[in-house]
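# here you go, sequence then predicted model.
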Amino acid sequence: MKPASDGKFTILHTEWSSGWGGQEQRIILECRKMRELGHRVLIACQPGSGILKVAREQGIPVEEVVIRGSFDLRAILQLRRLIRTHGIDVVHTHSGKDSWVGGFAAKWAGARLLVRSRHLSVAISKNPLNFVYRMTDGVITTGEAIRDTMIVDNGMDPDRILSIATGVSLDRFDPDRVRGEAVRAEFGISADAIVVTMVAVLRSMKRHDVFLRAAARLRKEFPGIRFLIVGDGPGRASIEELIRTSGLTGDCILTGHRRDIPEILAASDIFVLTSDRFEGVPQSISQAMAMRRPVVAAPIGSIPELIRTEQTGLLATTGDPESFAKEISRLIRDPGLRERLGIAARRHVVAGYTDDIMATRTVEFYRHLLARRKA
């Protein structure tokens, strides 16, 4: 397959997941930024999936492909046809099953590049039959810690693996422009109340139980404090029950899925993420930092790349409600610390975690991999 005459890539992103979380949001963001740079994009995803709906809303070309498993021949044939029909240069896979199916299709169709993104810090099997990463020309991780682990534990060539954190749109997450008064009014939160917020899909790895146990401690110390849990997911019922049994019904608001995340963050004083595993560089943290909000999180995955403790945020002990409550309490009691950390947090994001940086580095990596193949 010959390269496009204008020097631009035609990129096929594949996604097996039917949900809507940080991984799917990154694919949409990448597609938007690549189109701004003049590249052509296409997404192949499951019927009825969250990414399918959003792609259509945003005018991103998308094809429905049913992927039943890692060796689904019908899906491989369908993707092979898409690659050939659309003149795909780069097949960029994202989840387990679509990486196998997309990888076989890319090789069979003769795509110029096969790239895999590794979004989570989950250990990769060393079984010789797990050759999906050896099929790829290159791998993009969302954090340096994930990259280092794949090099040391899985023996990957450092020259074909690169960490590119998910970028933040500084136009959308602009603390000097976005206001939070409407969000506070919607939830009946007074202008002088301290608001502590967590934005995350409602599933066990995010440890909302830790957040709520910390909230129960803080409510005793700071009457009038309010907590926002933003997101949806399979853990909603158990979180609702824990809110009730913790006596937080009047203090904690479960908002469900929201699209006005910049406004939610503008309405917040402190951002918290209590995840205890599998994180790369969480978008919710970088978005909060872009909004100049101080962040408290656990030092897992690549989070310490974003949060340099006492400099761009605060780190609490993983899975420890008391530790989270202590760090949040420090921020509530010290407005000067909140302001200092918030300012430093935005500077850190602007310096290395924008959507423009993400897109530019991704294109450069594609070109590096092509040059490597030729060599």
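Yep, it's here.

# what separation do you get for the closest residue to Ala165 other than its chain neighbours and Val54?
Spatial nearest neighbour of Ala165, chain neighbours left out: Val281 (4.1 Å); criterion: CB to CB, 6 or more residues apart in numbering. C-beta coordinates here come from the backbone N, C-alpha and C atoms, glycine included. According to CB to CB, to the nearest Å, Val281 stands 21 Å off from Val54.

# comparing these two, which residue is more hemmed in?
Val281 (27 against 18; other CB atoms under 10 Å).

# got the contact list for that one?
Thr142, Gly143, Ala165, Thr166, Gly301, Ser302, Ile303, Glu305, Leu306, Tyr353 (CB atoms under 8 Å, 6 or more residues apart in numbering).

# can you give me the pLDDT of the third one?
Looking back up the chat, that one is Ala165. On the pLDDT scale, Ala165 is placed at 93.

# doesn't it fall inside a helix?
No. Ala165 sits outside any helix when classified using DSSP: H, G, I helix; E, B strand; the rest coil, being coil.

# that one: neighbouring residues, count only.
25.

# now stretch 238-258, how far from the centre of its chain.
24 Å (CA atoms, centre = their mean, to the nearest Å).

# quick one, domains of this structure?
Following automatic domain parsing, one finds the domains of the chain at 10-167+354-374, 181-352.

# Asp174: which of those is closest?
domain 181-352 (7.5 Å; CB to CB).

# quick check: mean pLDDT of the lengthiest helix in the chain?
Ordering each helix of the chain by length in residues (DSSP state H) puts helix 355-374 first. The average pLDDT for helix 355-374 rounds to 96.

# on that earlier part again, now for the contacts of Val281: which two are most distant?
Between any two of the contacts of Val281 (CB to CB), the greatest distance is 14.8 Å, for Gly301 and Tyr353.

# how about CSV for the domains of the chain, with distance to Phe173 added?
Shown next, in CSV, are the domains of the chain (distance: least, CB to CB, whole Å):
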stretch, distance to Phe173
domain 10-167+354-374, 10
domain 181-352, 4
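
# tell me which of those lies nearest to Pro175.
domain 181-352 (4.5 Å).

# run the chain-centre distance for that closest one.
16 Å.

# quick one: terminal-to-terminal distance for that domain?
30 Å (CA to CA, to the nearest Å).
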